[in-house]
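Novice: Predicted coordinates and the sequence they were generated for:
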Amino acid sequence: MGDIRHEANAELPPLEVPDVMPPHAHGWWAKYVFSQDAKYIAVQYACTALAIGLVALVLSWLMRLQLGFPGVFDFITPEAYYQFITMHGMIMVIYLLTAIFLGGFGNYLIPLMVGARDMVFPFVNMLSYWIYLLAVLVLVASFFVPGGPTGAGWTLYPPQAILSGTPGGQQAGIVLMLVSLILFIIGFTMGGLNYVVTVLQARTRGMTMMRLPLTIWGIFTATVMALLAFPALFVACVMMLFDRLLGTSFFMPMLVEMGEKLSYGGGSPIAFQHLFWFFGHPEVYIVALPAFGIVSDLIAVHARKNIFGYRMMVWAIVIIGALSFVVWAHHMYVSGMHPWFGYFFATTTLIIAVPTAIKVYNWVLTLWRGDIHLTLPMLFALAFIVTFVNGGLTGLFLGNVVVDVPLSDTMFVVAHFHMVMGVAPIMVIFGAIYHWYPKITGRMLNEAMGQVHFWVTFLGAYAIFFPMHYVGLVGVPRRYYELGEPAFISTPVGGLNAFISVAALIVGAAQILFLFNLGWSLRHGRDAGSNPWRATSLEWQTPDTPPRHGNWGESLPLVYRWAYDYSVPGAAEDFIAQNDPVTPEPPGGRL
Amino acid sequence: MNIILAFLAVLVAIIGWWLSRQRLFSKPWLETGVPPMIAEASPVAPQKLGLGVFLAVIGGLFAMLGSAFVLQIDATPWQLVPLPRLVWINTGVLLSSSLFLQFAVTAAKQGEAQLLNWSLAAGALSTLAFLVGQITAWNMLTTSGYVLAGAPAASFFYLITGLHGLHILGGLVAMGAVWLRLARQPEPREAQAAVALCALYWHALLLIWILLLALFTGWGNEFLALCRSVLR
């Protein structure tokens, strides 16, 4: 330990931003509703995201009821089915995953983990949440307008998205969807500026970039990516809104609908796909990188071991972030593009597997001979690794053009991206909530309910998505409302589909138990104390739990070490907090 | 997608330069104590950094629009919109507003309250003139048959100039806030940082506007055609 020691009595470097207490809120409304405190904003973000996520969960139930038991539920019409698909996908990807990782965990953890009093621009941060809430409300409003929400599929491909054959296409549905996305992006940009500048400038003394917990590296890199990727979606939404409302033809070719020539002409639907996926692929990593970061910290804390290959982990996060901007067209292999294009994008896609595999190896090597505590956060972290590897392996198939072409429109793709982008990040969100709930509320989540939640969710997710790969391989197309008895499917899959649907219902019910646990433990949970997991990073070293306004009491903490000093030989305890100045002498003396 | 990729390449270079100063090869597990912060040599005010990041986002937005514009060239029989001469005058007006704001920065630095007020006023007025000029240019184009719902090149012109104008309008709101503060506390030196931020924003939007003009007039097309033939 301590090959490079900076003298304890050396002159302290100056702070980059002055240490001023953020203004105190006066009155109940300013404190709890229009709060400018990142911790409150984080909880607001997370609660809103979970609430709208619950809507998306119910939509997935309805879809599975239709697929598992076709013809039984009269109220699920083909139009409604497409609306369920669209809203489920959009809500889960944007309004739940993106919002909870960056708006929720980003807001809560960035100031605490870097040792700041709050975000750098608290007012803009507050606006960010309210615009996000407005975006969610506009989205929800689309359920109640005539014609209902859009049924264009979550990718909203034109021209069908704004034509009369698609639910909501010529009604308010698609308009509200696009407006909601535009609002979301504006709100996110406000928050994102905060996250970036706070990480860059508001770190406390001693907290160099290379001492940041990987959680912060993940959230930070994902935020930078989101700030650069969301403009593409913004542009796509504005242009489609123009096409829909003002009669332009950005994405609209010449069309004949029901024997009648429409006024559109001259636009390119493929241009939309480029714009959408230029955002859409980085979006996968905007969700995955915070998950990577958080899972690294969960594993280190609950295996009582320093993270293996910290530098490599940081580099991998940055490299994945950069590479993810040059792979977008692998979502477009079947769009009729030039074969050299496909070759290029297949290559870049497969190269991403290298830094990603490095991360997986490092997680496994961190676990190797660790003092593994099978706590709930650890269970979810392990479930994430397994699921992510599973989903990643099918990604290797789909990343290759020749394999992707026959599989592209089957349930195999649905199973793949639900494993890698649905189940895997959700596991991390659960793990992270079990891990940080004690800091946020001062109480532990109920362990028994948590165990039921974990095992049902983990095993249930595999019961849903493993058979789904097979269903896809035998040729069942995705996006079909009803299968009938097509000649191109050799094996009957009705039984499997019913099984998947029952599993989905059970897994969904387990999430309701989880939400109940969140509320129940708020009052009845075991008292957590300030550092129940005996973790090193700064958020566990606050003078109060839950942390008060300004986070750090009188003076900001000083950081003396990195975030992973677990099981250090010679130390009194099996962890040394980042703000602990005492470095133990190893038994047997220094080398 | 060449334009957005070129834009990102520039950003990657900047980020790479910054990363190279973060001691990415250090071994944090071997270091203890409070080391001197790396960036202490040149502390940038958070507001300035925030604006810088925001300008990167805006740059990405317009690069994306430019990319969409170029993507369409391939897809349709493309005919550029003949720009009214007024657009060139507008460009001059926007340039002058940028210069006025630069005067304002100098005035604030030297503590000359009156000059600061006049420069800000001139900057705001010329910016308003630019916006009015742009709307007039829209009217001229519409009356000469290039309507919004017409050929994609015309639609793009309205869309891109419209979004650019909205960003300018946002800048005016921010400038108004600076002015209000200045009216309450007439101390030019204290407003210097805020005025400098306004000027930076104006310069950036001027630069974006000039690049957009290159796109609209087709100056950039030969270069882009070369890029496309390489990719093909």
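Specialist: Now that the structure is in, tell me what you want to look at.
Novice: mind listing what the spatially most central residue of chain B touches?
Specialist: Closest residue to the average C-alpha location of chain B: residue B:205 at 2.5 Å, with C-alpha atoms, centre = their mean. By C-beta atoms under 8 Å, 6 or more residues apart in numbering or on different chains, the residues touching residue B:205 are B:58, B:94, B:164, B:167-168, B:171. C-beta: built from backbone N, CA, C; applies to glycine.
Novice: I'd like those residues written out as a markdown table, with pLDDT and secondary structure added.
Specialist: Listed next are these as a markdown table, based on pLDDT from 0 to 100; DSSP: H, G, I helix; E, B strand; the rest coil:
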| residue | pLDDT | secondary structure |
| --- | --- | --- |
| B:58 | 97 | helix |
| B:94 | 97 | helix |
| B:164 | 97 | helix |
| B:167 | 97 | helix |
| B:168 | 97 | helix |
| B:171 | 96 | helix |
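Novice: Which two among these are spaced furthest apart?
Specialist: Farthest-apart pair in these is B:58 and B:94; separation 15.4 Å (C-beta to C-beta).
Novice: Provide a list of residues in contact with residue 48.
Specialist: Let's take chain A. Residue A:48 neighbours (C-beta under 8 Å, 6+ apart): A:99, A:129, A:132-133, A:136.
Novice: ah, no, chain B please
Specialist: B:193, B:196-197, B:200.
Novice: Tell me if stretch A:344-358 is near chain B.
Specialist: No. Contact between stretch A:344-358 and chain B is absent, the nearest approach being 9.2 Å (criterion: C-beta under 8 Å from any C-beta of the partner chain).
Novice: pLDDT of that stretch, averaged?
Specialist: pLDDT averaged over stretch A:344-358 equals 92, rounded to a whole number.
Novice: Stretch A:496-505 too?
Specialist: pLDDT averaged over stretch A:496-505 gives 96.
Novice: Now do it: everything it contacts.
Specialist: A:60-61, A:64-65, A:67-69, A:460, A:463-464, A:467-468, A:470-471, A:483.
Novice: if we go to 10 Å?
Specialist: For stretch A:496-505, contacts defined as C-beta atoms under 10 Å, 6 or more residues apart in numbering or on different chains pick out A:57, A:60-61, A:63-70, A:411, A:415, A:456, A:459-468, A:470-471, A:474, A:476, A:483, A:493.
Novice: quick one: buried residues of that stretch?
Specialist: A:496-497, A:500-504 (16 or more other C-beta atoms under 10 Å in any protein chain shown).
Novice: okay, it in PDB with CA atoms only?
Specialist: Taking Å, rounded to 0.1, in the frame of the first residue of the first chain, the C-alpha atoms of stretch A:496-505 are listed here in PDB:
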ATOM      1  CA  LEU A 496     -44.600 -22.300 -25.100                       C
ATOM      2  CA  ASN A 497     -46.200 -19.000 -25.600                       C
ATOM      3  CA  ALA A 498     -48.800 -19.700 -22.900                       C
ATOM      4  CA  PHE A 499     -46.000 -20.800 -20.600                       C
ATOM      5  CA  ILE A 500     -44.100 -17.500 -21.300                       C
ATOM      6  CA  SER A 501     -47.200 -15.500 -20.600                       C
ATOM      7  CA  VAL A 502     -47.900 -17.200 -17.300                       C
ATOM      8  CA  ALA A 503     -44.200 -16.600 -16.300                       C
ATOM      9  CA  ALA A 504     -44.600 -12.900 -17.300                       C
ATOM     10  CA  LEU A 505     -47.600 -12.500 -15.100                       C
END
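Novice: what's the offset of that stretch from the middle of its chain?
Specialist: Relative to the centre of its chain, stretch A:496-505 is centred 25 Å away, using C-alpha atoms, centre = their mean, to the nearest Å.
Novice: one step back: how near is the residue nearest to the centre of chain B to residue A:448?
Specialist: For residue B:205, the distance to residue A:448 equals 59 Å [C-beta to C-beta, to the nearest Å].
Novice: And the contacts of residue A:48, which is closest to chain B?
Specialist: residue A:132 (16.7 Å; C-beta to the nearest C-beta).
Novice: element containing the spatially closest residue to residue B:213 that is not a sequence neighbour?
Specialist: Nearest non-adjacent residue to residue B:213, counting by C-beta to C-beta, 6 or more residues apart in numbering or on different chains: residue B:91, 6.6 Å away. For residue B:91, the host element (DSSP states H and E) is helix B:85-110.
Novice: So which elements touch the helix or strand that that helix is followed by?
Specialist: Using DSSP H and E, the helix or strand that follows helix B:85-110 in sequence is helix B:113-143. Secondary-structure packing of helix B:113-143 (3 or more C-beta pairs under 10 Å, 6 or more residues apart in numbering or on different chains; DSSP states H and E): helix B:85-110, helix B:152-184, helix B:188-217.
Novice: Could you list the buried residues of the host helix or strand of residue A:41?
Specialist: Assigned by DSSP H and E, residue A:41 belongs to helix A:38-68. Neighbour-count burial for helix A:38-68, counted by 16+ other C-beta under 10 Å, picks out A:38-46, A:48-50, A:52-57, A:59-68.
Novice: Going along the chain, name the helices of the stretch 1-150 of chain A.
Specialist: For the stretch 1-150 of chain A, helices defined by DSSP state H, counting those that start in this stretch occupy the ranges A:28, A:38-68, A:78-90, A:107-114, A:122-141.
Novice: so residue B:21 sits right up against residue A:200, yeah?
Specialist: No. Assessed by C-beta atoms under 10 Å, residue B:21 is found out of contact with residue A:200, at 11.9 Å.
Novice: Would you mind telling me which of these two has the busier surroundings?
Specialist: residue A:200 (21 against 11; other C-beta atoms under 10 Å in any protein chain shown).
Novice: ok, now how distant is the residue in chain B that chain A sits nearest to from residue A:575?
Specialist: In chain B, the residue that lies nearest chain A is residue B:33 (2.9 Å; C-beta to the nearest C-beta). Distance, residue B:33 to residue A:575, using C-beta to C-beta: 18 Å.
Novice: Comparing these two, which residue is more hemmed in?
Specialist: residue A:575 (23 against 18).
Novice: So whichever residue of the stretch 351-500 of chain A sits closest to chain B, which state does it fall into?
Specialist: Across the stretch 351-500 of chain A, the shortest distance to chain B (C-beta to the nearest C-beta) belongs to residue A:366, at 12.8 Å. What DSSP: H, G, I helix; E, B strand; the rest coil gives for residue A:366 is helix.
Novice: so how far is residue A:359 from it?
Specialist: Using C-beta to C-beta, we find residue A:366 at a distance of 10 Å from residue A:359.
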